[in-house]
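Visitor: any chance you could fold what I've pasted below:
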Amino acid sequence: MITNFFIPELNNHDVQELWFQQDGATCHTARATIDLLKDTFGDHLFSRFGSVNWPPRSCDLTPLDYFLWGYVNSLVYADKPQTLDHLEDNIRRVIADIRPQMLEKIIENWTSRLDYIRASRGSPMPEIIFKM
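Guide: Numbers count the residues shown, from 1 in each chain. Got it, this is the predicted structure:
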């Protein structure tokens with residue numbers, strides 16, 4: 001996916017500075033994967049073996065984990081898709097319907113989370129509900 005889709009798609013956009021972050025799943029940290037990502041992103045790589053180590057409690061810091069997957073999942077399965085094509089159509093529709101205003105709120109929420117982590121010097125986040 002990285003080689004056949006993601007990197008070619010990046011080349012279609014005028015991106016000045018980009019950081020790449022992924023979780024520490026074994027397949028994501030295989031030597032071949034890390035080498036490919038380092039070649040592509042240099043020292044702008046958040047990963048278990050990247051130039052910047054994967055942050056502790058990162059699910060609290062990654063909008064994909066604390067927001068997007070649950071949001072998309074709830075809408076994709078709302079009409080109980082019965083075929084793979086229906087499921088894929090729902091995923092495409094839900095992702096396409098995400099508006100810039102929602103992304104702005106996600107960024108504001110993410111910034112609040114980073115501020116909390118900085119102020120607490122990296123201590124675990126308490127059971128706080130971050131509202132979107």
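
Visitor: got a list of contacts for the helix or strand containing residue 73?
Guide: Residue 73 is part of helix 69-76 when elements are defined by DSSP states H and E. Under the criterion Cβ atoms under 8 Å, 6 or more residues apart in numbering, residues 87, 90-91, 94-95 lie in contact with helix 69-76. To be clear about C-beta, it is placed using only N, CA and C from the backbone, and glycine gets the same treatment.

Visitor: against which helices or strands is the lowest-mean-pLDDT helix or strand in the chain packed?
Guide: Lowest on mean pLDDT, DSSP states H and E among the helices and strands of the chain sits strand 20-21, with a mean of 80. Under the contact definition 3 or more Cβ pairs under 8 Å, 6 or more residues apart in numbering; DSSP states H and E, strand 20-21 sits against helix 31-41, strand 45-46.

Visitor: can you add distance to residue 15 and give the contacts of helix 69-76 back as a markdown table?
Guide: Shown next, in a markdown table, are the contacts of helix 69-76 (distance: Cβ to Cβ, whole Å):
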| residue | distance to residue 15 |
| --- | --- |
| 87 | 30 |
| 90 | 29 |
| 91 | 24 |
| 94 | 25 |
| 95 | 19 |
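
Visitor: of these, buried ones?
Guide: 90, 94 (16 or more other Cβ atoms under 10 Å).

Visitor: and the contacts of helix 69-76, which of them are in helices?
Guide: 87, 90-91, 94-95 (DSSP state H).

Visitor: state the distance from residue 101 to residue 108.
Guide: Separation of residue 101 from residue 108 (Cβ to Cβ, to the nearest Å): 11 Å.

Visitor: for residue 18, phi and psi?
Guide: phi -140, psi 140 (degrees, to the nearest 10).

Visitor: any idea how far it lies from residue 7?
Guide: Taking Cβ to Cβ, one finds residue 18 at 11 Å from residue 7.
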